[in-house]
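# Got a predicted structure here, sequence first:
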Amino acid sequence: MPENSFYFLVAANIGAVIMPWMLFYHQAADVDRGLKISEMKRESRGTLLGAIVSESLMIAIVIFSWRLSEMGFNTGNSLMDIADAFRSIMGPAGPFIFSIGIGVAGLLAMFVISMSMSYTISDALKWKGSFNGRVREQKGFYSIYLIEIIPAAIIILLYPNLITIVLYVMAFSSIAVSLPLMVVTRVASNPAIMGKYRISRIREISLYVILFLIVSIGVYSIVASVAA
């Protein structure tokens, strides 16, 4: 954990759960899949189930990591330290299983974040943007998808402490999420855009309240961490 870690980790957890790029990816992927209005309730239920499962896994990881530290199995914060802790508990298979988990998580993040970047920039530039189309017909869209991976790879090669940089990115996301959340809420509540599908006034106000709480806690946590 970094120094003055409590408030900092609060902000990082907010940014880890509500990531700005996920908003762009989810809505663009729904359009790309050709979902109909009649299928949106099922999609919402799937999103809710996914949120519950992922949150349960996050809580389990936090508790497990704390327990490892309490038992004295890990004294550092690097990937190798965590792998050694797994070896202490699970034997030689521990680091192998841990490496598979890290690899799968990294690949998933790489694909989804690159897709999000492709969808977002293509929408802004009014390019054709769909993974259902051919590469020759959508060179710009696919180029962004491939190029976006390069700076991430460079950072990984140059920056030794990956866990720290991930925590800082997640903490920043707790503030950065405010703009896309506000845009999505304004669009969803606009009758000229949504027509009869616009969200209710109560839901609109609830979303703004949640937005305010998220950003306030994020800003306060980062400021408190720095001040401490």
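Alright, I've got the coordinates.

# what residue ranges in this structure score low on pLDDT?
Scanning the chain for pLDDT under 70 picks out 1-4, 74-78, 228.

# the helices in the protein, which residues?
Using DSSP state H, the helices assigned to the chain run over residues 5-17, 20-32, 40-70, 79-90, 93-125, 139-147, 149-158, 162-176, 178-188, 191-194, 201-227.

# okay, the angle between the last one and helix 178-188?
In this case it means helix 201-227. Note on geometry: by axes from the mean of the first three to the mean of the last three C-alpha atoms, to 10 degrees, helix 201-227 and helix 178-188 are set 180 degrees apart in direction.

# now for helix 201-227, which elements pack on it?
Under the contact criterion of 3 or more C-beta pairs under 8 Å, 6 or more residues apart in numbering; DSSP states H and E, helix 201-227 touches helix 5-17, helix 162-176, helix 178-188. To be clear about C-beta, it is placed using only N, CA and C from the backbone, and glycine gets the same treatment.

# What are the buried residues along that helix?
E204, L207, L211, I214, V215, I217, G218, S221, I222, S225 (16 or more other C-beta atoms under 10 Å).

# same check, this time on the first one
Within helix 5-17, the residues that qualify as buried by neighbour count (16+ other C-beta under 10 Å) are Y7, F8, L9, V10, A11, A12, N13, I14, G15, A16, V17.

# Name the nearest of those relative to S122.
Closest approach to S122 among the buried residues of helix 5-17 (C-beta to C-beta): G15, at 25.0 Å.
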